[in-house]
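Asks: need the 3D shape of this:
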Amino acid sequence: MGVNINWNEDTIDHFKFMSNYSSKDEVFDAITAFVEIDCSIEEGESDEDLAIELFGKVYNNEKDSNN
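Replies: Now for the predicted structure:
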């Protein structure tokens, strides 16, 4: 199931900045830790879904054109 989260722009910018000096694996690990610690998971979502969605926003792989 795909998720569409309205991420805080500061959160996206933080990980975009990190992506300038870290590998994609390191950024994904940091995003995963962020999601596990700081995000509230709603019904039908998983930590992995949110991490993948945020990773896509950071690397501009968005599936929608709303942002």
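Asks: for residue 48, what are its contacts?
Replies: residue 32 (C-beta atoms under 8 Å, 6 or more residues apart in numbering). Where C-beta positions appear, they are placed from N, C-alpha and C, glycine not excepted.
Asks: measure it to residue 21 for me?
Replies: Noted for residue 48: a distance of 25 Å to residue 21, by C-beta to C-beta, to the nearest Å.
Asks: now do residue 19, the pLDDT please.
Replies: Listed pLDDT for residue 19 reads 96.
Asks: what sits against it?
Replies: By C-beta under 8 Å, 6+ apart, the contact list for residue 19 reads 27, 58, 59.
Asks: try 7 Å
Replies: Counting by C-beta atoms under 7 Å, 6 or more residues apart in numbering, residue 19 makes contact with 27, 58.
Asks: which parts of this structure are helices?
Replies: Ranges of helices in the chain, per DSSP state H, are 9-19, 24-38, 47-58.
Asks: in stretch 8-26, what counts as buried?
Replies: Under the neighbour-count criterion of 16 or more other C-beta atoms under 10 Å, stretch 8-26 has 11, 15, 19 buried.
Asks: ok, and the closest non-adjacent residue to the second one?
Replies: What that stands for is residue 15. residue 58 (4.4 Å; C-beta to C-beta, 6 or more residues apart in numbering).
Asks: the one you found: neighbouring residues, count only.
Replies: A count of neighbours around residue 58, defined by other C-beta atoms under 10 Å, yields 22.
Asks: relative to residue 17, how far out is the residue of the chain positioned farthest from its centre?
Replies: Going by C-alpha atoms, centre = their mean, the residue of the chain most distant from its centre is residue 43, 17.9 Å out. Using C-beta to C-beta, residue 43 is found at 32 Å from residue 17.
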